[in-house]
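Chemist: Model the structure of this input:
(one chain, ligands or ions: 1)
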Amino acid sequence: MKLSSRVSDMKTSITLKVNEKINKMLQNGIHVYNMTSGQLPFKPCGEFVSTLSKQLNFLKSYQYSPIAGMPKLRRKFIDFIEEKRGIDFGSVETPMECIISNGSKHSLYNVFGALLDPGDEVILLAPYWVSYPEIIKFWRGVPVIVKSHAFDAYTPALEDIEKAITDKTKAIIINSPNNPAGIHYTDSWMKNFAKFLNSHPELTIISDEIYSELSYFDPKPSYFYQFDKELLSRTVIIHGISKSFAATGLRIGFCIADAELTKAMAKVQSQTTSGPNSLVQRALVDFDFHLQDNYFDTVKEELRECAQIIRISFRDANLAHCYYQTNSAFYYLLDFSRMPFFKKFQLAHADLEESDLSKVIVDDILDKAGVALAPGSAFGYPNSARMSMTLDTAPFKEAIGKLTEYLTSK
Ligand code: PMP
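Modeler: Residues are numbered from 1 along each chain as shown. Coordinates of the predicted model:
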């Protein structure tokens, strides 16, 4: 059977591939520290779980939801973002709306489906979340990558973004806090980014804020539109409950944007998936979001503990100059290029393309240290790997010990 080029050209998720190998190892009785995960090892906040269970007895929980999501919940998500960011969507010149989808990945599919014509360019800031280029290409758009470096805190220079703009540029995506780097862009970068956007009125800005609640060291993340509210009218905010409610499996994401765009997204949604999960939406309508504050204090405490384990372990092993201290989400992007083992590896694999080297390294780390990481090339950053802080503290400490031993071997 001949598959469509749309699908043949699509890359398979890299964590899926690594996880196939992990499963084989586990079946053969080999212990693996799996640090590839994109989810925290915690159940959602208890009050949310009980609100959810109360909705099980209602017929409406099992019936179709309105296409764009339940109006009360759409309003609640708007209120949530207004309160968190100190903004007022009502003051924006053109009407802004919220549309709820089956996860924020789905929101992104709808946004690009509604925005892109073939050949339209979208700027991505590397390191970037793996799915962005694939979603853009699926809709026949062209991803244009702007690089950054670990030693600039994974923050791209605005001059480099400027150079990437052409007359085909339609949009730019920013993801702060960032997957995979575990950092968020600074206030001053956001302020300058707002100025930069003012000189590019043609750009739509997609702000993927899915990790905004998970910042465990101050200062907290800020956003360009907080420094210049006029930018809101061409900003598309992407958010959801996967990370900020620790509920990846419940599949609720949302988008706040110009009402014309959300209407177009609803059109795409109406002909694909219909409205999102009714049961979860009804529970979210009833749930007091503020109850999550205490819950997240505990989660952040755990993340700080893991960050401390890495800091001490890498400092003692003389690796302190090889990594960048993160402050949000739950990832570290380890840049291998200055690590002791790397030279040996590079020499032994001189025939490999740079983009393949991180895959081979990650494979070797899994075989020799039993620690599973996600290769950084998939995130647009070569010679690196993403490490998730998604194990309990005790196994996390063991895994970091084994990883450090590997990284310092010569
Ligand atoms: N954006 C980013 C940056 C992500 O890391 C993820 C999930 N890993 C998503 C969007 C999609 O999240 P979901 O579809 O679960 O809401």
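Chemist: use CA for all of it now, contacts and neighbours both
Modeler: Noted.
Chemist: Next, count neighbours for the nearest residue to residue 223 once chain neighbours are set aside.
Modeler: Excluding its sequence neighbours, the residue lying closest to residue 223 (CA to CA, 6 or more residues apart in numbering) is residue 190, at 6.0 Å. By the criterion of other CA atoms under 10 Å, residue 190 has 20 neighbours.
Chemist: Return the distance of residue 190 relative to residue 157.
Modeler: 12 Å (CA to CA, to the nearest Å).
Chemist: just residue 397 next, same as before
Modeler: Counting by CA to CA - residue 397 and residue 157 are separated by 35 Å.
Chemist: And for residue 172?
Modeler: On the measure of CA to CA, residue 172 and residue 157 end up 14 Å apart.
Chemist: and the closest residue to the ligand within the stretch 251-400 of the chain, what does it touch?
Modeler: For the stretch 251-400 of the chain and the ligand, the shortest gap (CA to the nearest ligand atom) falls at residue 253, measuring 5.0 Å. With contact set as CA atoms under 8 Å, 6 or more residues apart in numbering, residue 253 has these partners: 100-107, 238-242.
Chemist: Model confidence for the closest residue in space to residue 409 that isn't next to it in sequence, exactly?
Modeler: The shortest distance from residue 409 to any non-neighbouring residue, by CA to CA, 6+ apart, is to residue 341 (5.2 Å). Listed pLDDT for residue 341 reads 90.
Chemist: ok, now residue 56?
Modeler: Looking at residue 56, its pLDDT stands at 97.
Chemist: Not counting its neighbours along the chain, what's nearest it?
Modeler: residue 279 is the one closest to residue 56 (CA to CA, 6+ apart), at 7.2 Å.
Chemist: The one you found touches residue 61, doesn't it?
Modeler: Yes. Using CA atoms under 8 Å, residue 279 is in contact with residue 61, at 4.3 Å.
Chemist: So those two - more neighbours on which side?
Modeler: Set residue 279 next to residue 61 and count neighbours by other CA under 10 Å: residue 279 wins out with 23 against 17.
Chemist: which SSE is the closest residue to residue 157 other than its chain neighbours in?
Modeler: Among residues not flanking residue 157 along the chain, residue 148 sits closest, at 7.3 Å (CA to CA, 6+ apart). Of the helices and strands defined by DSSP states H and E, none includes residue 148.
Chemist: Please report the number of neighbouring residues for residue 148.
Modeler: Neighbour count for residue 148, taken as other CA under 10 Å: 18.
Chemist: what's the pLDDT at it?
Modeler: Residue 148 is assigned a predicted lDDT (pLDDT) of 96.
Chemist: distance of it from residue 45?
Modeler: Going from residue 148 to residue 45 by CA to CA gives 36 Å.
Chemist: Likewise for residue 132?
Modeler: From residue 132 to residue 45 the distance is 29 Å (CA to CA).
Chemist: Name the nearest residue to residue 126, sequence neighbours excluded.
Modeler: In space, residue 126 is closest to residue 147, 4.9 Å off (CA to CA, 6+ apart).
Chemist: swap that for residue 335, sorry
Modeler: Closest to residue 335 by CA to CA, 6+ apart is residue 384, at 4.4 Å.
Chemist: Contact partners for that neighbour?
Modeler: Residues near residue 384 by CA under 8 Å, 6+ apart: 333, 334, 335, 336, 337, 358, 375, 376, 377.
Chemist: The fourth one contacts residue 344, correct?
Modeler: No. With contacts counted by CA under 8 Å, residue 336 stays clear of residue 344, the gap being 11.7 Å.
Chemist: Settle it for me: which of the two has more neighbours?
Modeler: residue 336 (20 against 11).
Chemist: Got the confidence number for the more buried one?
Modeler: Per-residue pLDDT puts residue 336 at 93.
Chemist: in the stretch 251-400 of the chain, which spans are strands?
Modeler: 253-258, 331-335, 371-372, 374-375, 384-388 (DSSP state E, counting those that start in this stretch).
Chemist: Can you give the strand pairings for the longest one, parallel or anti for each?
Modeler: Taking DSSP bridges as the criterion, strand 253-258 sits next to strand 96-101 (antiparallel), strand 235-240 (antiparallel) in its sheet.
Chemist: do the same with the fourth one
Modeler: Strand 374-375 has its sheet partners listed here by DSSP bridges as strand 384-388 (antiparallel).
Chemist: any idea of the angle the strand it pairs with forms with strand 331-335?
Modeler: 160 degrees (axes from the mean of the first three to the mean of the last three CA atoms, to 10 degrees).
Chemist: Please see if strand 384-388 touches the ligand.
Modeler: No. If you take CA under 6 Å from any ligand atom as the test, strand 384-388 misses the ligand, and the best it gets is 11.2 Å.
Chemist: Just the CA atoms of that strand, as PDB, please.
Modeler: Extracted C-alpha coordinates of strand 384-388, given in PDB (Å, rounded to 0.1, in the frame of the first residue of the first chain):
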ATOM      1  CA  SER A 384      22.700  16.600  23.800                       C
ATOM      2  CA  ALA A 385      20.000  14.600  25.600                       C
ATOM      3  CA  ARG A 386      16.800  15.600  27.400                       C
ATOM      4  CA  MET A 387      16.600  14.200  30.900                       C
ATOM      5  CA  SER A 388      13.200  14.300  32.700                       C
END
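Chemist: If you average the pLDDT over it, what comes out?
Modeler: Per-residue scores along strand 384-388 average to 95.
Chemist: One more: stretch 170-190?
Modeler: Here the average pLDDT along stretch 170-190 is 98.
Chemist: Buried ones among the contacts of residue 384?
Modeler: Burial by neighbour count, 16 or more other CA atoms under 10 Å: within the contacts of residue 384 this picks out 333, 334, 335, 336, 358, 375, 376, 377.
Chemist: Return the set of residues that bridge with the nearest residue to residue 366 once chain neighbours are set aside.
Modeler: Leaving aside its chain neighbours, residue 366 sits nearest to residue 372 (5.2 Å; criterion: CA to CA, 6+ apart). Counting by DSSP bridges, residue 372 forms beta bridges with residue 34.
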